[in-house]
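Q: Sharing a model that was predicted from the sequence below.
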Amino acid sequence: MSEANQAEFGRTERRGMNAKPANLVIKCGGSTLAQLPDSFFRDMNRLAERGTVPVIVHGGGPAINAMLEKLGIESRFVDGLRVTTPDVLAVVEMVLGGSINKEIVRRIAQSGGKAAGFSGVDGGTIRVRQADGGRLGYVGEITEVDPRLIRAAADAGFMPVVAPLGLGPDGQTYNINADTAAGAVAAALGAEQLIVVTDVPGILRTENGEKRLMPVASVAEIEAMIASGEIYGGMIPKVKAAIGSLSGGVGEVVICDGSMPGVLSRIADGDRTVGTRVVP
């Protein structure tokens, strides 16, 4: 784990620790949200009924891309990463804090549950500074998470649905990587579990020419697989967020396929045959 990541999670402040903890954080990627079946949200509701009110942190990349294209806003990239200009940020806020966030709230309600949607800007829940010296525009690096608003919603029986937007020291809104946000929120809550929902079964490793699911992956194994290129693309921020949340005190991280029937309940009940558990 890099010094920057250690600093990021090490600075995450835990406030309101006397409140009843929200023990489970679920990260739903933007590319998987549209593919999640209704049964996934019913499963989420069953957890809440059993007393484990999950906290959901979501992305929204594909929807942001579609809206930028629809509005004719051209994207500029630096080293393959999109620069968040003021025009792009306006779309990011509209999609993440608006349409995507409320769609998740709606689907939870449709399943019989109750949810409260907000972004990391609300209540100063996620504090950031401008990342990478400003090369990427309004992209934030997390400096602090205040979980009191999340806890208040969970204690009232509402599943918090958090959009990955943060507040800078100057009051400016910044875009945040959703995987990083989920890891930092889980660490700040002292969550027992972080479940990273994707469209693949977990971390896959090539063995005898075939891709096989790793039931357990250590930090050392993950770092070696990143170095060799076997872990690449969108899986890299997921595993890095997993490593960061573990160092921040999260009990367990599981990367799994959200379309698997009963996946959330199975993981919460300790089923070790589902997904990949990331361990120190």
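A: Good, I have the coordinates. Residues are numbered from 1 along each chain as shown.
Q: Every contact and neighbour count from this point should use C-alpha atoms.
A: Fine.
Q: burial measure for G171, as a count.
A: If you count neighbours by other Cα atoms under 10 Å, G171 ends up with 11.
Q: Oops, could you answer that again for G61 instead?
A: Close neighbours of G61, defined as other Cα under 10 Å, add up to 17.
Q: Next secondary structure element downstream of the helix or strand harbouring I255?
A: In this assignment (DSSP states H and E), I255 forms part of strand 252-257. Per DSSP H and E, strand 252-257 leads on to helix 263-268 as the next helix or strand towards the C-terminus.
Q: Output that next one as PDB, restricted to C-alpha atoms.
A: Taking C-alpha atoms only, helix 263-268 is exported to PDB below (Å, rounded to 0.1, in the frame of the first residue of the first chain):
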ATOM      1  CA  VAL A 263     -25.300 -12.800  -2.500                       C
ATOM      2  CA  LEU A 264     -25.500 -10.100   0.200                       C
ATOM      3  CA  SER A 265     -27.200 -12.400   2.800                       C
ATOM      4  CA  ARG A 266     -24.800 -15.200   2.000                       C
ATOM      5  CA  ILE A 267     -21.700 -13.000   2.600                       C
ATOM      6  CA  ALA A 268     -23.200 -11.400   5.700                       C
END
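Q: re the thing from before, name the helices or strands packed onto the strand holding I255?
A: In terms of contacts (3 or more Cα pairs under 8 Å, 6 or more residues apart in numbering; DSSP states H and E), strand 252-257 is packed against strand 193-198, helix 235-247, helix 263-268, strand 276-279.
Q: neighbouring strands for that strand, and are they parallel or not?
A: On the basis of DSSP bridges, the sheet neighbours of strand 252-257 come out as strand 193-198 (parallel), strand 276-279 (antiparallel).
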